[in-house]
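Undergrad: I'd like to go over a predicted model; first the sequence, then the structure.
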Amino acid sequence: MGLMYSSTRNGDKKFTASQAILKGLADDGGLFVPESIPALDVTIDELAKMSYQETAYAVMKQFLTDFTEEELKNCINKAYDSKFDTEEIAPLVQADGAYYLELFHGPTIAFKDMALSILPHLLITSARKNNVKNDIVILTATSGDTGKAALAGFADVEGTKIIVFYPKHGVSPIQEKQMVTQKGANTFVVGINGNFDQAQTGVKQMFNDKAMAEEMDKEGYQFSSANSINIGRLVPQIVYYVYAYSRLYANGAIAKDEKINVVVPTGNFGNILAAFYAKNMGLPIGKLICASNENKVLYDFFSTGTYDKNREFMLTSSPSMDILISSNLERLIYRIAGNDAKKNAEFMKDLTTSGKYEITDEMRTQLADFYGNYTSEEETASVIKKLFEDTGYIIDTHTAVAAGVYEKYKKDTNDVDTKTVIASTASPFKFTRSVMDAIDHKYDSMTDFELVDELSKLGNVKVPQAIEEIRSAEVLYDTVCDVDEMPDVVRRFLKK
Ligand SMILES: *Cc1c(COP(=O)(O)O)cnc(C)c1O
């Protein structure tokens, strides 16, 4: 029998990988977890010779055991192709004694592409395997970045449609332009007269509307989400840690079985959890270094054992990490509670009712693999400036939060020799203004696209295709609606 999954809040019901991908979230509100973390069954010498796609197969087949070889390889090859601007898919760049794992070479130049480029294929394969005949309609509310990455991932994927709702006056001009210029016959983008929370609530209401579900079923559709807690987004993220390790080994930077550290700029805890899973598959990782911005709820959790979201929400220059509830942390809590769904469910209930929970001392001892710290706004800017001045390499604000925490880790622990991989989660071109402002205030008066050209010159890197496209791309969507009109907008689009 293959690997089965169950909810972090109820261990009784078992699901196959494809069922867990199709459902996304368990009915009890819990997250799907594998009953055990499978070991890698290939040697490091074998991995060293593999391409990204081959590595992806070696890792993912261990988790998605009800997919056939052909199905899984098909998903992988459709995802990691020329949508990425380098054949390496996730290249490593050495700068100032660390290795930056660039996860931003996909269509929207940020790390969400690593998972969202394959999720549509995993989802549609899962639907067919479970005899779902309907087309899958993805409904997404976005505050900016996820919407574009999901659109790019689902565009023209047969058997799917995607509708993205964004707050008409709540995203940056570049983010809006990225979305409303999206090509693809199965895509639809709608501005909402309201904020992100209202858009999100509107989408949730459609998911819970039984009458609408029946009506859709008659038309041959069913709703699904591309939510970041889907196991189909987590598993593809394990791949690049294994790949990074094998590249370091292949180019002689590390010896066989030598441990490396990993630093991850963290928001929802998905990316670093993937590194934790990689370690548990047998990859020689020493410390998992969890980097936060000024929303340092995770740093406080690692230092005190109490998770407490009751605090001021800070808007920072690393907005994709501005999060007070790190959903994927639930998978770690479940594990250190001894895979005890009942105990985990109690913590999560405390989180809902009082906004906090405190883990036991026994659970805390199992967090020894992790180190947490944070980087302030001022420190983030100086990290970007200093790295550029010392090496010429330009990193984005999220990556700079990680680099800043790595410096603190070295000072705190004296662990200066272990080779260290820093997850680089966005291209500096995605956060051009903050990055250029960190390097020199003289750029303040330039327009967004002047800054793009200046950054290209300064860093000696080509302007990414994703940015070039929006300079000239045609606006394809101008639909704007009120929150209560969302269901009708969905109906109209699906009738076309
Ligand atoms: C989403 C995101 C993060 C945070 O990743 P999590 O998996 O949510 O912890 C960090 N950096 C960037 C650029 C992101 O888009």
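TA: The structure has been received and is ready for your questions. On a predicted model such as this, the values are computed, not experimentally measured, just so you know. Numbers count the residues shown, from 1 in each chain.

Undergrad: Against the ligand, how distant is N230?
TA: 12 Å (Cβ to the nearest ligand atom, to the nearest Å). From N, CA and C alone the C-beta is placed, and that goes for glycine too.

Undergrad: One more: A90?
TA: Taking Cβ to the nearest ligand atom, one finds A90 at 14 Å from the ligand.

Undergrad: That residue: what secondary structure?
TA: Under DSSP: H, G, I helix; E, B strand; the rest coil, the three-state class of A90 is coil.

Undergrad: I'd assumed E102 was in contact with it.
TA: Yes. Using Cβ atoms under 8 Å, A90 is in contact with E102, at 6.4 Å.

Undergrad: which is the next helix or strand following the helix or strand where S126 lies?
TA: Using DSSP states H and E, S126 maps to helix 119-129. Using DSSP H and E, the helix or strand that follows helix 119-129 in sequence is strand 135-141.

Undergrad: quick one: which of A90 and E102 has more around it?
TA: Using other Cβ atoms under 10 Å, the more surrounded residue of A90 and E102 is A90, with 25 against 22.

Undergrad: before we move on, what SS does the closest residue to the more buried one other than its chain neighbours have?
TA: Of all residues not flanking A90 in the chain, Y240 sits nearest, at 4.5 Å (Cβ to Cβ, 6 or more residues apart in numbering). Classification of Y240 using three-state DSSP returns helix.

Undergrad: Y240 and M114 touch, don't they?
TA: Yes. Proximity of Y240 to M114 meets the contact threshold set by Cβ under 8 Å, at 6.3 Å.

Undergrad: Quick check: neighbours shared by these two?
TA: Residues touching both Y240 and M114 (Cβ atoms under 8 Å, 6 or more residues apart in numbering) are A90, L103.

Undergrad: N293 - how many residues pack around it?
TA: Counted with other Cβ under 10 Å, residues neighbouring N293 total 30.

Undergrad: so how far is A150 from Y52?
TA: 22 Å (Cβ to Cβ, to the nearest Å).

Undergrad: what's the helix or strand for D12?
TA: For D12, the element it lies in under DSSP H and E is strand 10-15.

Undergrad: got the phi/psi numbers for the nearest residue to G24 once chain neighbours are set aside?
TA: Leaving aside its sequence neighbours, G24 sits nearest to N230 (Cβ to Cβ, 6+ apart; 4.8 Å). Main-chain dihedrals, N230, degrees, to the nearest 10: phi -60, psi 130.

Undergrad: can you list the weak-confidence ranges in this protein?
TA: Along the chain, the model assigns pLDDT under 70 to no residue.

Undergrad: How about the residues of it by the ligand?
TA: 110-112, 145, 265-271, 320-321, 398, 425-426 (Cβ under 6 Å from any ligand atom).

Undergrad: higher neighbour count, Y52 and A150?
TA: A count of neighbours by other Cβ under 10 Å puts A150 above the other of Y52 and A150, at 26 against 20.

Undergrad: At the geometric centre of this structure, which residue do we find?
TA: K112 (4.3 Å; Cα atoms, centre = their mean).

Undergrad: Could I get the full set of strands for the stretch 301-450 of the chain?
TA: Secondary structure of the stretch 301-450 of the chain (DSSP state E, counting those that start in this stretch): strands located at 306-308, 356-358, 370-374, 420-424.

Undergrad: out of these, deepest packed?
TA: Counting by mean count of other Cβ atoms under 10 Å, strand 420-424 has the highest mean neighbour count of those, with a mean of 26.

Undergrad: Other residues contacting it?
TA: Here strand 420-424 makes contact (Cβ under 8 Å, 6+ apart) with 92-93, 98-104, 111, 241, 244-245, 248, 260-265, 271, 275, 289, 395-396, 399, 402-403, 406.

Undergrad: So among those residues, which ones count as buried?
TA: 92, 98-104, 111, 241, 244-245, 248, 260-265, 271, 275, 289, 395-396, 399, 402-403, 406 (16 or more other Cβ atoms under 10 Å).

Undergrad: Identify those among the residues you listed that sit within strands.
TA: Per DSSP state E, strands hold the following members of the buried ones among the contacts of strand 420-424: 92, 98-102, 260-265, 289.

Undergrad: any idea which of those residues is closest to the ligand?
TA: Among those, P265 lies closest to the ligand (Cβ to the nearest ligand atom), at 4.8 Å.

Undergrad: Just the helices from the stretch 251-400 of the chain, written as ranges.
TA: 270-280, 297-304, 329-336, 341-354, 361-365, 377-391, 397-413 (DSSP state H, counting those that start in this stretch).

Undergrad: So which of the ones in strands among the buried ones among the contacts of strand 420-424 is the closest to A26?
TA: Closest to A26 out of these is V264 (25.4 Å), distances taken as Cβ to Cβ.

Undergrad: how close does the residue sitting furthest away from the middle of the chain get to R491?
TA: Distance from the C-alpha centroid of the chain, by Cα atoms, centre = their mean, peaks at K218 (33.8 Å). Distance of K218 to R491, given as Cβ to Cβ: 12 Å.

Undergrad: again, but for F84
TA: Distance, F84 to R491, by Cβ to Cβ: 36 Å.

Undergrad: Settle it for me: which of the two has more neighbours?
TA: Using other Cβ under 10 Å, the more surrounded residue of F84 and R491 is F84, with 19 against 13.

Undergrad: Quick one: the strands in the stretch 51-200 of the chain, in order.
TA: Assigned by DSSP E, counting those that start in this stretch, the stretch 51-200 of the chain shows strands spanning 92-95, 98-102, 135-141, 160-167, 187-193.

Undergrad: and those, which is most packed in?
TA: Ranked by mean neighbour count under mean count of other Cβ under 10 Å, these are led by strand 160-167, which reaches a mean of 24.
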